[in-house]
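K.L.:
My questions are about this predicted structure, shown below with the sequence.
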Amino acid sequence: MSSIYTKKGWLYASVPRSKQDGGTGGKTKFKCVALKIRDTPAGRVKARSLLEKAVERRKAHARVGRGAPGLVTMKQWADQWLEKRKKLGVVSARLDKSRLNLHVLPIRLSEGKAIRDMPLTEVRARHLVELFDMIRTGEITTQSTGKARRGQKFAPRSIRNLYSTLSALFRDAVIEDLIEASPCVLTKHHLGVIMDKDSEWRAGARYTRAELEMLISDERIPPDRRVFYALEGIGANRHGEAAGLRWRHYDSDLAPLGRFTVATSYNKGRTKTGRTRFMPVHHTLAAMLAEWRLTAWPAIFGRTPTPDDLICPFPPCSRSPQGRMRYLSRSQEFFVEDLKTLGLRHRRGHDLRRTMISLSLEDGARKDLLKYCTHGPPQGEGIDAYITIGWEPLCTEIAKLKVKRTPRGRVVALRAVAVASGAPDEDPADEQLARKAATKTPTIPPGIPTRFLPCEGKPGDSQVILGSGRRIRTLTSGLQRPASYH
């Protein structure tokens, strides 16, 4: 339907009118486009090539626009692009959606159009320069209000994230043959230098050793949150990784330390970096997990955990009787509340992971092996794919971290197994209980609340805290637990 003709020595193209060009239904109307190419044999070849590309681009717009007349707008392409990224499992798909719908598409430029209403082919680099000038200065005019929204300035990193999302959107538009080239050619002079919004923030974005121990020990904090803070502050897990951990991901039988298989963030099926890593479980964290699994978890959820259960979900409620996976916004609300309860200054939950890495280095851990645990195997060079670090060296570095819970009882070093009654610590009946226990397999009375913790000693030994924590005894690996503890 398109054709090329000559007029006064110059080449012109006759193409169908689009809706934006004033085309209407019924008989197809054409418009004349000056190609600015001389009428020569070489010029005709070039003109034919340009016309074929234009026809293919129009077909691509009809395909993406799902039969709607005219060229695809920014809003139409953004919706389809976000839908595709979600189906592909792109980790940043949810953030990309909020960035575009809140901070890019509604903004109205000086020409009077909102970016979302502009045809994709008409967006130029000068439009993006104006857009990011408005974002950096905080003087933003939106299509819905028509008024400037002042005072909302973005951090330099947030501006780069917005630009990164736009660059990906236009890159995929080029791949789909919707545009010939991406307008995202801005430089650091247009976007600003990458730096923290608050230059003093990063230096204080960690906790002291005493503060970390308070967060995992203080009984004013609910037990499920103490365990979750330990998964972040001792296990060096990101929030999504800690929220997505299930009991099958924890191998407590491995020596010298247990192991977490960190393979997913939330329930996405992959971590932030896309790499699975194996994290040795620090002995303090192992003790907390043993206590949590045997007593607190069953008490909260009314049953014993299965391998597919989350290690630390939200406590059950009317809307979710079995507890639901933790999500960041609600966890942050709880975390701010707990910091106020303990009288600590505000910091992020992610700073617990930062604290673990910093304290481990201060306690003498090797940076290269610690990084292997907290960030996964390196992938910088080809030889890295042939390097596998043994388990014991990794455990040695993690064990150097000097973090423990505040003691809540006095440890009595006994080789024999003793099951406490209500007698005081000095009661000679304890010795009789110990002698009797040495002759038969010990059993914990079901009516006595207990907490099991790993301890130093023979292989398989553990500690049991009886009652309120006043009595602590060492138990051997042959301990028979009641059915309610299995």
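P.N.:
Received, thanks.
K.L.:
going forward, measure contacts and count neighbours with C-alpha atoms only.
P.N.:
OK.
K.L.:
The closest residue to Thr6 other than its chain neighbours: neighbour count?
P.N.:
Spatial nearest neighbour of Thr6, chain neighbours left out: Tyr12 (6.0 Å); criterion: C-alpha to C-alpha, 6 or more residues apart in numbering. Burial of Tyr12 is recorded as 20 neighbouring residues (other C-alpha atoms under 10 Å).
K.L.:
give me phi/psi at Tyr12?
P.N.:
phi -130, psi 160 (degrees, to the nearest 10).
K.L.:
So it versus Ser3, what's the distance?
P.N.:
8 Å (C-alpha to C-alpha, to the nearest Å).
K.L.:
What's opposite the residue nearest to Thr6 in the beta bridge?
P.N.:
Judged by DSSP bridges, the bridge partners of Tyr12 are Tyr5, Ala34.
K.L.:
Okay, domains of the protein per the record?
P.N.:
Following automatic domain parsing, one gets these domains for the chain: 3-64, 74-191, 204-399, 410-485.
K.L.:
Using JSON lines, lay out these together with mean pLDDT.
P.N.:
Below are these laid out as JSON lines (pLDDT from 0 to 100):
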{"stretch": "domain 3-64", "mean pLDDT": "67"}
{"stretch": "domain 74-191", "mean pLDDT": "85"}
{"stretch": "domain 204-399", "mean pLDDT": "89"}
{"stretch": "domain 410-485", "mean pLDDT": "39"}
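K.L.:
what about the residue most central in space within the chain, which SS state?
P.N.:
Closest to where the C-alpha atoms of the chain average out (C-alpha atoms, centre = their mean) is Gly240, at 4.8 Å. Using DSSP: H, G, I helix; E, B strand; the rest coil, the three-state assignment for Gly240 comes out as helix.
K.L.:
That one reaches Ser265, doesn't it?
P.N.:
Yes: Gly240 lies in contact with Ser265 (C-alpha atoms under 8 Å); the separation is 4.4 Å.
K.L.:
Distance check, Ile389 against Thr264.
P.N.:
From Ile389 to Thr264 the distance is 22 Å (C-alpha to C-alpha).
K.L.:
count of residues packed around Gly43?
P.N.:
For Gly43, the count of nearby residues is 16 (other C-alpha under 10 Å).
K.L.:
could you say which helix or strand contains the nearest residue to it once chain neighbours are set aside?
P.N.:
Of all residues not flanking Gly43 in the chain, Ile37 sits nearest, at 5.9 Å (C-alpha to C-alpha, 6+ apart). If you go by DSSP states H and E, Ile37 is part of strand 30-38.
K.L.:
Can you name the secondary structure element that comes next after that strand?
P.N.:
Moving toward the C-terminus from strand 30-38, the next helix or strand (DSSP H and E) is helix 41-64.
K.L.:
what's the helix or strand that that following helix is followed by packed up against?
P.N.:
For helix 41-64, the succeeding helix or strand toward the C-terminus, using DSSP H and E, is helix 74-88. When contacts are defined as 3 or more C-alpha pairs under 8 Å, 6 or more residues apart in numbering; DSSP states H and E, helix 74-88 packs onto helix 93-103.
K.L.:
What count of nearby residues applies to Phe335?
P.N.:
Counted with other C-alpha under 10 Å, Phe335 comes out at 20.
K.L.:
that older thread, right, and the residue nearest to Gly43 touches Leu11 too?
P.N.:
Yes: the pair Ile37 and Leu11 passes the contact test of C-alpha under 8 Å, sitting 5.6 Å apart.
K.L.:
if we can go back for a sec, measure the residue nearest to Thr6 to Ala47 for me?
P.N.:
For Tyr12, the distance to Ala47 - C-alpha to C-alpha - is 8 Å.
K.L.:
Kindly report the same for Leu71.
P.N.:
The spacing between Leu71 and Ala47, counted by C-alpha to C-alpha, is 22 Å.
K.L.:
what about Ile389 and Thr264, which has more around it?
P.N.:
Thr264 (22 against 11).
K.L.:
Now do the SS call for the residue nearest to the more buried one when sequence neighbours are not counted.
P.N.:
Leaving aside its chain neighbours, Thr264 sits nearest to Arg270 (4.1 Å; criterion: C-alpha to C-alpha, 6+ apart). Arg270 falls in the coil class when you classify it by three-state DSSP.
K.L.:
So what touches the strand or helix carrying Arg226?
P.N.:
Using DSSP H and E, Arg226 sits within helix 223-233. Here helix 223-233 makes contact (C-alpha atoms under 8 Å, 6 or more residues apart in numbering) with 212, 215-217, 237-239, 242, 285, 288-289, 292, 296, 312-315, 349-350, 352-356.
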